[in-house]
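S.K.: next come a sequence and a model predicted from it.
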Amino acid sequence: MSGIALNLGIEGLLAAQTALDTIGHNVANANTPGYSRQNVLLSAGPTQRFGGRLVGTGVRADSIVSVRDLLVDRRILTQRALIGRLEAKSSSLSDIEALLGEPGDGSLSSQISGFFTSISRLSANPGDNVLRQDAIRAGVDATDRFRSLQTGFEKLRKDADKRLSVQVKQVNTLTNDVATLNRAIAAAELDGSQANDLRDSRDETLRSLSNLIDVSVVERQDGTVAVSTRGQILVSSTRSFDIESSVSSQGEAILRVRGSDQTLRPTGGSVAAFLEQVNEVLPKQLGRLDDLAKSLIHEVNKAHSTGIPATGPFRSLESTNQLTDVNGDGDYRDEKLASAGLPFPIQDGALSVNVTDRVTGEIQTIQIPIDAEETTVGQFIDALNASPQLTAVIEGDGFLSLRAAEGYGFDFAARSFPTTGTLGGAQIGITDQYRGDTAADLTFRPRSAGEVGETANLLVDVFNANGDRVSTLDVGAGYVPGSELDLGNGLKASFGLGAISNTDSFQLHAVADGDTADVLAALGLNSLFEGTGAADIAVSARIRNDPRLFAASANGADGDGGALSSILAISEASLDGLGGASPVQYVSSIAADIGFDISSSNLAADTEKALHDGLVAQRDARSGVNVDEELVNMLRFQQAYQASAQFIQVVNSLNDELLRLL
Amino acid sequence: MSVQNLVNALDSSLQAEIGGKDIQIGLLDVQERAIAARDVDQLAAATLDLQKEMQREIDRAAKRAGILADLARALGIEGHVRVGTIASALGPRGESLAIRRVELRAKCAESMRKTRRLATIVRGHSSLVEEALGRFLSPDPSGAPLGRGSLVDAEA
């Protein structure tokens, strides 16, 4: 009996000593990151039968175990991956926000606004050389900003690529560390004990890993852990598998686990954020910048290409966009105009080419109909060459060259034609400032016979192509021959002396747009901007070298700023290429979207951090708990969480209702 | 009741609602703190207080709907009546209502941010407890939670 009593005492002392050692170990490691407090698991010793009675043998320290809740630990890893991704995403987006610098001096929106403001000033005085140079300089500033942003985005992409590579290397280092620790833990625990410090180191390594990439961790019987991400193994017991990064032919960053042919697409951790940055966020923002540049080039050039510069009609022009010999037969002529590799679309319509005799001022207008699907480059060139005063050729490198014969010039302005003619025995003249939206064929027909300026009630009706009367002009007694009569939409007609009758007629083709097919903008003929996107947008070198070639006028008249008005209208226009936004609105929306994404990421990261901190607190509070007590607590918590969740829903629905009422 | 009296009543109701939202936001904060501190009693108490506050908000909403309907009739406004519509219809007289509307929208936005945050936290903790309870109460011995390094019964 005494032996048993002594034994009881020794067992108790041994258990207390082990507990004291453990406490000492805990205190020593109190500030070690990731260290889990250890606890002594005291258990009842085996009972011994003595004299027909069961006698306890006291307590003993069965083992020292790390106090950790595997479930909480797993949640913490998930939270860290979430936070890692959100923080990295927010940081990457902040870089884009800083690059855009919106709103602010020198930002793209202010440069584009500046360009349109300078166009507005010039339109008030189109002949002013200083204002013209200002407008060109503002165009240069805006296009420079586009290119610098493009370069900035490319740099951000390269930086993100590098950061992704660095992070992948860190993942590989950490998975290698986990495999090494697995080996050490398995060896140390062969005798059934627990290698707590090694386990803590491995836990800390796993936590660092989960900041970088979302991982699943499964512990095996031998104490090792298997680590996987999106179903692909990174650590299997004592062996790790590196992640390799490469770039696809489309420039997309690709991750693969070594030995696997499956693409790895992590959804958590900073690796996921940088992968998203490289493959989605930056290409998307670059695409939006490119769309804006492309729309601006196209729209401004459509307005400018039909304008006439201060130097008057052109003697020669070279296209800035290259045709492509798509079928590679060495001949551009057989290519369809709309699919000959031009950067901007061509549509069904017509191109007006006005050929001016520089001596007499006489203008001949030819109309070249264009069928977007059918017209070939050859047919287009032949149609231009049909005018004996024009020579159109495609140079060997695919650029179109158009020259006027000596003594002639040409332009593509929306000129109504003919501007002079006869109605019976009377001369008729047309003054053209046509402002109609579409082309119009007008027929002048006298209602009765008589002498212009003499016969009472001598009326001339003007009909449209549908036969509807759109105007009636009184050219009878009281009309002063040569004076202009208003036809509406900016057209005016004047009549000379002479006899007219109801069998006479005069046809006028009123042109609203000199190039309804947009072929000039596609070819880059008489364009203000060169290039095809954000990377190469620039003010035409031709105009930078000779500002007089800025085509401000719509009709060549002194002081006319019709082309400028068309350019100015783009600043407020809803552009299809920009989803219905104006250029400045579009830039603002890019900046606003990024700002919103940053704010959302920050808020989400903040929330996830709060959840993470709560889980960490929960893990730290686990030591020494009584299982029954903990079960009761958990049941109470579950009820409280459910109640709280229900009231959150009520609060939300009341808020929704209130907002609808406000 | 004159239009001005109705405007004053609506203004008071909106002010009361702004105060109510402040209380609501405060209670959401208390809930979050209780979860972080693992204080189930405080969480339950704050939820109960929130329930009472919700009831008060519902009562205020019913009263406000009556005032809005009276104002809409008085001002000849048809269809869905909003405070913004009333404020616009009143012109300069509706200026204070317009200000309250902006204040209340801001409070609603803050409350919604808080609820989104709290919902995430509650969901996270709740799913954890649910899984832990499932493991503890699982009849399958292999589903027992207390593998090595798990919860420890130090008093065994």
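M.R.: Thanks, I have the structure now. Small disclaimer: the values here were computed from a predicted structure and weren't measured.

S.K.: quick one: stretch B:10-22 near chain A?
M.R.: Yes. Applying CB under 8 Å from any CB of the partner chain, one finds stretch B:10-22 touching chain A at residue B:17. Any C-beta I mention is one placed from the backbone N, CA and C, and that applies to glycine too.

S.K.: and the lowest-mean-pLDDT helix or strand in chain B, what does it pack onto?
M.R.: Using mean pLDDT, DSSP states H and E, the weakest-scoring helix or strand in chain B turns out to be helix B:95-137, at a mean of 86. Counting by 3 or more CB pairs under 8 Å, 6 or more residues apart in numbering or on different chains; DSSP states H and E, the packing neighbours recorded for helix B:95-137 are helix A:70-100, helix A:583-620, helix A:627-661, helix B:3-36, helix B:83-90.

S.K.: reformat the ones you listed as a markdown table; add distance to residue A:325.
M.R.: Below are those laid out as a markdown table (distance: least, CB to CB, whole Å):
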| stretch | distance to residue A:325 |
| --- | --- |
| helix A:70-100 | 39 |
| helix A:583-620 | 34 |
| helix A:627-661 | 61 |
| helix B:3-36 | 68 |
| helix B:83-90 | 62 |
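
S.K.: tell me the most buried of those?
M.R.: Mean neighbour count (mean count of other CB atoms under 10 Å in any protein chain shown) peaks for helix A:70-100 among the helices and strands packed on helix B:95-137, with a mean of 21.

S.K.: check which element follows that helix along the chain.
M.R.: helix A:108-124 (DSSP states H and E).

S.K.: and residue A:391, how many neighbours?
M.R.: 15 (other CB atoms under 10 Å in any protein chain shown).

S.K.: residues contacting it?
M.R.: A:385, A:402, A:403, A:404, A:405 (CB atoms under 8 Å, 6 or more residues apart in numbering or on different chains).

S.K.: beta partners for it?
M.R.: residue A:403 (DSSP bridges).

S.K.: quick one: low-confidence ranges for the chain?
M.R.: In the absence of a named chain, this looks at chain A. Within chain A, the segments meeting pLDDT under 70 span A:1-70, A:432, A:621-632.

S.K.: actually chain B
M.R.: For chain B, the ranges with pLDDT under 70 are B:133-156.

S.K.: any idea which residue sits dead centre in it?
M.R.: Centroid-nearest residue in chain B, with CA atoms, centre = their mean: residue B:24, separated by 5.3 Å.

S.K.: against chain B, how distant is the residue nearest to residue A:565 when sequence neighbours are not counted?
M.R.: Distance criterion CB to CB, 6 or more residues apart in numbering or on different chains; nearest residue to residue A:565, sequence neighbours excluded, is residue A:123 at 5.8 Å. The spacing between residue A:123 and chain B, counted by CB to the nearest CB, to the nearest Å, is 38 Å.

S.K.: next up, the contacts around residue A:123.
M.R.: Residue A:123 sits in contact with A:552, A:561, A:564, A:565, A:568, where contact means CB under 8 Å, 6+ apart.

S.K.: and which of those is nearest chain B?
M.R.: Chain B lies nearest to residue A:568 out of the contacts of residue A:123, by CB to the nearest CB, at 33.8 Å.

S.K.: quick one: buried residues of the helix or strand where residue B:65 lies?
M.R.: Residue B:65 belongs to helix B:40-75 when assigned by DSSP H and E. Applying a neighbour-count criterion of 16 or more other CB atoms under 10 Å in any protein chain shown, one finds B:40, B:42-47, B:49-50, B:53-54, B:57, B:60, B:64, B:67-68, B:70-72, B:75 buried in helix B:40-75.

S.K.: near chain A, which of those show up?
M.R.: Within the buried residues of helix B:40-75, those near chain A by CB under 8 Å from any CB are B:40, B:43, B:44, B:47, B:50, B:54, B:57, B:64, B:68.

S.K.: ok, residue A:401 touching residue A:390?
M.R.: No. Applying CB atoms under 8 Å, one finds residue A:401 not in contact with residue A:390, separated by 10.9 Å.
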